[in-house]
Structure formats: C-alpha cells, structure tokens
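Engineer: What would the 3D arrangement of this be:
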Amino acid sequence: ALYHCWVTATTVGYGDVSMRTQGARAWSCIHIAVAVGTLGAFIGKAQELRDERKKQVQRVELLKKKLDKDLICSLDQEGNGVDKTEFVVGMLVKLEMVKWADVEPFIAQFEMLDVDGSGRLTEH
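Structural biologist: Reported below is the predicted structural model:
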C-alpha cells in the first residue's frame, strides 16, 4: 500500500498495481487527487521557504555590507549624493522587495503635488 501511495503521489504510475473492483477504483480517484495535491503543496511550500530564507540571507548580507563607491553610485539616482529616501528605496530595490518601476509613479505623483518645488508637501 505504501509503495502504491508513493508511486501515485509522485505521478510516476508504473501501472504494475491495478485496481480490480469498482470500489477500489472509486477510492483510487479520491486518493490520487488528494495524494498528488498534497505532495504538490508540500513541494511548493518547501520551495517557498527556501526562497524566503534566501531573501533573508541576502538582506542580512546587504545590511552588513560596508558602503563602497560602487554601492553609493548605484543608489544615487540624481547624481548629487545619496539622501535618506534614495538609500532606503535603493536598498529595497536591491533586495527585490520592490521594483523601481513600482516606485517611479509615486515619485512622479510627489513631484506633481510639490507645487513650490521645496521637496516637501504641506497642507497649504
């Protein structure tokens, strides 16, 4: 039974064990759906945990990394040094937590709302 469950769940299906009765065939239909779905969910969750761990390690490495000229240049969007916003957004982009294309519309909206060009939004 364990052999049949494993062969079925992994979708190998050698065909060497056949269901002879109608009841066994009906049970097999349910078993196949549940076994394949469960194994697929398990594999998917394992991959998700692996990816999450990889991102956490990457984040720690980036936070521990000393600032060098290349990193500063890659974060400097305007060519005038890296301010707090450029640093935070740049690090989020490097960590692939956001994409630059996701940030650009908000920058454009801010610039549109900043009518006096001060770099700050006020209620007046």
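Engineer: and stretch 60-77, which residues are buried?
Structural biologist: For stretch 60-77, the neighbour count (16 or more other C-beta atoms under 10 Å) marks Leu71, Leu75 as buried. (Each C-beta comes from the backbone N, C-alpha and C, glycine too.)
Engineer: now do the same end-to-end measure for it.
Structural biologist: This stretch, stretch 60-77, spans 23 Å end to end (C-alpha to C-alpha, to the nearest Å).
Engineer: Looking at that stretch now, give me its mean pLDDT.
Structural biologist: Averaging pLDDT along stretch 60-77 yields 83.
Engineer: Could you do stretch 117-124 as well?
Structural biologist: 82.
Engineer: Then stretch 3-14?
Structural biologist: On average, stretch 3-14 scores 75.
Engineer: and the longest helix along the chain, what does it pack onto?
Structural biologist: Longest among the helix segments of the chain by residue count, using DSSP state H, is helix 22-64. Where contact means 3 or more C-beta pairs under 8 Å, 6 or more residues apart in numbering; DSSP states H and E, helix 22-64 is packed against helix 2-9.
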